[in-house]
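Asks: prediction below, plus the sequence it came from.
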Amino acid sequence: MGAVLPLLALRAFTETTRLGSLKAAAERMGVTPGAISQQIRLLEDRVGVILLTRSRYGVQLTEAGASLYPGLSRGFGQIESALLDLEALTRAKTLTISTQPSFASGWLVPRLVDFNTLHPEIDVRVQSTAELVDLHRDPVDIALRHGLGDYPGLESIPLLAPVLLPVASPGLLAGGPALDEPQDCLRYPLLQDADRADWALWLQAHGVEPDHRSRRGASFDEDLLLLRAAASGQGIALVQAQHAEEDLRNGRLVVAVDRPWPSRFAYYVVTRQENLSRPHVRAFIDWIQAQLEYDSDPQPHAQPSSLWVSS
């Protein structure tokens, strides 16, 4: 092949194989699908064999491509790991945290002043996004993820298992029917999660057979949006209780019926195994665990214990 390796072409081939399509590889590398296709053709011309075949179902490796891919994947993985290690050294006092917008605004950000007071030497950067980051590739130290805890190749530490709680604006409830039992919520507009599943499950958990009303109403894919819709009087929202803390404290929302219900997912601190030995990562994990212990402490200063179940 010659001494000079066609690194861009090799990367295009590796990303296309890993992601399964030219379009996904193009998005990953910040170029057009046409540019990815051209680089793969250049590589195939260079090595003298066809590496990939294309169809409407995506791309498939040829025998030659299947032979080449594992080594390239390991090589680029080692390069990225080395660069992440170097970046970690250069940002030794910066802590980058990725989490969902609703958890960031409803729970994490209001408490960060305490962490900043305890650790003024650490600069915290919060990435608030619904997209899952790749901790093996992206410059993120910690992800606070909501799921079942199965994150292959990563360390996951359980934090809390949230409960779902129905909330509404005081104005909406003041002029409406009385709310004494869970089934009374069906007399109001219901604000739905993206799958329109939570209300039916919550009602069933409290012995109410859901009907067509349990799946009617505007739907939203983030608790933050559900909270805003509820605060504006559009209906009753069933949200993770800790996301509603600030709105409940300041009176924008009230609990419609005090019947919390544990959800099947939990929150986890997720990070690369080698990050656990870094002092600022360890400091944040210790701090967030202490915060959760403080919040669940049944003392006058604590929030109601019904807001979540500690993991």
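Replies: Good, I have the coordinates.
Asks: so what are the domain limits for this protein?
Replies: 7-83, 90-161+265-310, 165-258 (automatic domain parsing).
Asks: how long is stretch 133-142 from one end to the other?
Replies: With Cα to Cα, to the nearest Å as the measure, stretch 133-142 spans 10 Å from end to end.
Asks: hey, where'd the strands end up in the stretch 101-250 of the chain?
Replies: 123-128, 142-147, 155-168, 190-193, 219-220, 236-240 (DSSP state E, counting those that start in this stretch).
Asks: still on that earlier bit, determine which stretch of the domains of the chain is the most buried.
Replies: domain 165-258 (a mean of 18; mean count of other Cβ atoms under 10 Å). Every C-beta, even on glycine, is put in place using the N, C-alpha and C of the backbone.
Asks: before we move on, back to that, could the strands of the stretch 101-250 of the chain be laid out in TSV, adding mean pLDDT?
Replies: Shown next, in TSV, are those (pLDDT from 0 to 100):
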stretch	mean pLDDT
strand 123-128	91
strand 142-147	87
strand 155-168	88
strand 190-193	92
strand 219-220	91
strand 236-240	92
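Asks: mean pLDDT for the domains of the chain: which is lowest?
Replies: Ranked by mean pLDDT, the domains of the chain end with domain 90-161+265-310 at the bottom, a mean of 81.
Asks: next one: Arg18 from Glu80, what distance?
Replies: 12 Å (Cβ to Cβ, to the nearest Å).
Asks: cool, and Pro162?
Replies: Pro162 is 33 Å from Glu80, by Cβ to Cβ.
Asks: which residues does the nearest residue to Gln100 once chain neighbours are set aside contact?
Replies: The shortest distance from Gln100 to any non-neighbouring residue, by Cβ to Cβ, 6 or more residues apart in numbering, is to Ala130 (6.0 Å). Residues counted as contacts of Ala130 (Cβ atoms under 8 Å, 6 or more residues apart in numbering) are 100-101, 221-222.
Asks: one more pass at 10 Å, please.
Replies: Contacts for Ala130 (Cβ atoms under 10 Å, 6 or more residues apart in numbering) come out as 99-102, 221-222, 224.
Asks: can you check Gly106 too?
Replies: 100, 223-224, 227, 239-247.
Asks: for it, give its distance to Glu245.
Replies: 6 Å.
Asks: again, but for Glu87
Replies: Glu87 is 34 Å from Glu245, by Cβ to Cβ.
Asks: cool, Gln60 as well?
Replies: For Gln60, the distance to Glu245 - Cβ to Cβ - is 50 Å.
Asks: one more: Leu225?
Replies: 17 Å.
Asks: same check on Leu276?
Replies: In terms of Cβ to Cβ, Leu276 sits 29 Å off from Glu245.
Asks: can you check Glu274 too?
Replies: From Glu274 to Glu245 the distance is 34 Å (Cβ to Cβ).
Asks: before we move on, what about Tyr267?
Replies: 14 Å.
Asks: how about Glu293?
Replies: 16 Å.
Asks: what of Val270?
Replies: Taking Cβ to Cβ, one finds Val270 at 23 Å from Glu245.
Asks: again with Leu8
Replies: Leu8 is 49 Å from Glu245, by Cβ to Cβ.
Asks: ok, now Leu154?
Replies: Counting by Cβ to Cβ, the gap from Leu154 to Glu245 is 28 Å.
Asks: with Val163 instead?
Replies: 12 Å.
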